[in-house]
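A.B. asks: how would this look folded up:
(one chain, ligands or ions: 3)
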Amino acid sequence: MEISSILQGGYQHPLSRSWQGRRQLTKSMFMYPIFITDDPDASVAIPSLPGQCRWGVNQLEGFLGPLVQKGLRSVILFGVPLKCEKDERGSPADDPHGPVIQAIQKIRSVFPDLYIACDVCLCEYTSHGHCGILHSDGTIHTAPSVDRMAEVALNYARAGAHCVAPSDMMDGRIRAIKRSLVDAGFGNRCTLMSYSAKFASGLYGPFRDAAGSAPAFGDRKCYQLPSDAKGLARRAIQRDVTEGADIIMVKPSLPYLDIIADAAQLAVDHPIACYQVSGEFAMVHAGARAGVYDLKALAFETTESMVRAGATLILSYFTPEFLEWLPA
Ligand SMILES: NCc1[nH]cc(CCC(=O)O)c1CC(=O)O
Ligand SMILES: [Zn+2]
Ligand SMILES: [Zn+2]
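C.D. replies: Ligands and ions are numbered 1, 2, ... in the order given. Next up is the predicted model:
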């Protein structure tokens with residue numbers, strides 16, 4: 001079967017079905033990014049991300065329970081391995097005893113209605129901190145990187161993830177991941193959300209602190225997009241549509257509203273996600289703390305701009321606040 005003819009992975013869940021329409025800000029549009037560490041009892045505050053913690057698996061029920069009560073519908077998981085050994089190929093990413101697989105299984109059993117997306121990348125798990133597998137000269141080795149990404153994604157799907165979301169930006173990984181999901185029988189059971197237009201941004205700093213994923217050398221400019229590259233972003237979006245992505249994401253959000261609008265036009269028949277990244281969140285908090293504006297007002301104004309540009313799904317650290325602020 002042609003890869004682009006596999007549609008059911010994109011609407012197998014009541015929540016992913018709700019993302020197929022375009023609408024006003026609602027609770028179900030918010031996906032909450034959470035950091036899972038490999039100390040099972042941890043709840044350690046992340047200084048650069050106000051209100052956010054690294055959570056151990058044993059803390060998830062107590063932490064997520066009240067949010068689910070208030071209407072939380074989805075989370076995206078990021079693993080933060082602190083104890084296990086990082087290596088060249090990012091083995092801890094899909095270690096069955098590692099934080100992500102353990103968290104998927106825990107959340108599935110405790111909150112069966114909570115939709116679980118998993119970020120798929122290697123930077124949190126490689127010894128060098130880059131998003132893929134490297135040649136000996138330190139450049140990206142694309143083919144094994146893509147194979148490894150497909151393997152990790154499939155292992156998350158097997159563990160029970162409703163959605164896998166590759167953020168590595170390697171060429172060809174969407175086709176490879178979709179192929180491996182389909183071949184293993186997950187074509188109609190797992191959504192593929194592509195970080196399609198992910199820019200090499202200055203706004204990822206707090207996340208790299210939180211996840212311990214700063215590259216040991218160099219930067220990510222050979223795989224993440226240059227901030228002025230509208231053309232590359234449009235090509236990446238169109239490519240990922242043809243490679244079988246179910247959801248197209250733009251990241252960061254606020255400085256790239258034009259790209260969100262482009263995605264909504266180029267992928268007119270797909271849900272459009274955007275990631276209000278760690279630096280955007282920290283920026284709204286910093287301004288509010290400095291008395292420049294009201295936090296809630298800016299949280300609304302920024303996320304409404306994303307919806308206006310065409311986003312139907314917003315990944316945001318403000319999710320718990322919006323569960324308080326938005327009507328049931
Ligand atoms: N590939 C890893 C990844 N996945 C999500 C983010 C950023 C999220 C945020 O800043 O909130 C990053 C950081 C990066 O590429 O360095
Ligand atoms: Zn990465
Ligand atoms: Zn390079």
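A.B. asks: Run a quick neighbour tally on the residue in the stretch 201-328 of the chain positioned nearest to ligand 2.
C.D. replies: Scanning the stretch 201-328 of the chain for proximity to ligand 2 using C-beta to the ion identifies S213 as nearest, at 6.2 Å. To be clear about C-beta, it is placed using only N, CA and C from the backbone, and glycine gets the same treatment. S213 has 21 neighbours, counted by other C-beta atoms under 10 Å.
A.B. asks: check contacts around it.
C.D. replies: Applying C-beta atoms under 8 Å, 6 or more residues apart in numbering to S213 gives the contacts 123-124, 129, 207.
A.B. asks: same thing but at 6 Å, please
C.D. replies: 123-124, 129 (C-beta atoms under 6 Å, 6 or more residues apart in numbering).
A.B. asks: ok, which of these also contact ligand 2?
C.D. replies: C123 (C-beta under 5 Å from the ion).
A.B. asks: Of the contacts of S213, which is the most crowded?
C.D. replies: E124 leads the contacts of S213 on contacts (other C-beta under 10 Å) with 25 neighbours.
A.B. asks: burial measure for A236, as a count.
C.D. replies: Other residues within reach of A236, judged by other C-beta under 10 Å, total 25.
A.B. asks: Could you tell me which residues make contact with it?
C.D. replies: Contacts of A236 by C-beta under 6 Å, 6+ apart are 196-197.
A.B. asks: hmm, 10 Å instead?
C.D. replies: 169, 171, 174, 194-198, 225, 229, 248, 250, 259, 263, 266 (C-beta atoms under 10 Å, 6 or more residues apart in numbering).
A.B. asks: re the thing from before, what's the residue of the stretch 201-328 of the chain closest to ligand 2 sitting at in phi/psi?
C.D. replies: The phi/psi pair for S213 (degrees, to the nearest 10) reads phi -120, psi 20.
A.B. asks: for the one 5 residues further on, same thing?
C.D. replies: Per-residue torsions, G218: phi 70, psi -160 (degrees, to the nearest 10).
A.B. asks: residues near it, how many?
C.D. replies: Neighbours of G218 (other C-beta under 10 Å): 13.
A.B. asks: Return the closest of the contacts of S213 with respect to ligand 2.
C.D. replies: So of these, ranked by how close each gets to ligand 2 (C-beta to the ion), first place is C123, at 3.2 Å.
A.B. asks: That closest one against C131, yeah?
C.D. replies: Yes: between C123 and C131 there is a contact at 4.6 Å, judged by C-beta atoms under 10 Å.
A.B. asks: quick one: the strands in this structure?
C.D. replies: 30-37, 43-45, 53-55, 74-80, 115-120, 163-166, 191-198, 247-251, 272-276, 313-316 (DSSP state E).
A.B. asks: what's the closest non-adjacent residue to T312?
C.D. replies: In space, and not counting its chain neighbours, T312 is closest to P271: 4.7 Å by C-beta to C-beta, 6 or more residues apart in numbering.
A.B. asks: Quick check: pLDDT value at that neighbour.
C.D. replies: Note for P271: predicted pLDDT of 97.
A.B. asks: Just give the number of residues close to it.
C.D. replies: Applying other C-beta under 10 Å, I find that P271 has 25 neighbouring residues.
A.B. asks: Is it correct that it is in contact with S194?
C.D. replies: No: between P271 and S194 there is no contact under C-beta under 10 Å: 11.2 Å.
A.B. asks: Spit out the residues that contact the two alike.
C.D. replies: Joint contacts of P271 and S194 (C-beta under 10 Å, 6+ apart) are 246-249.
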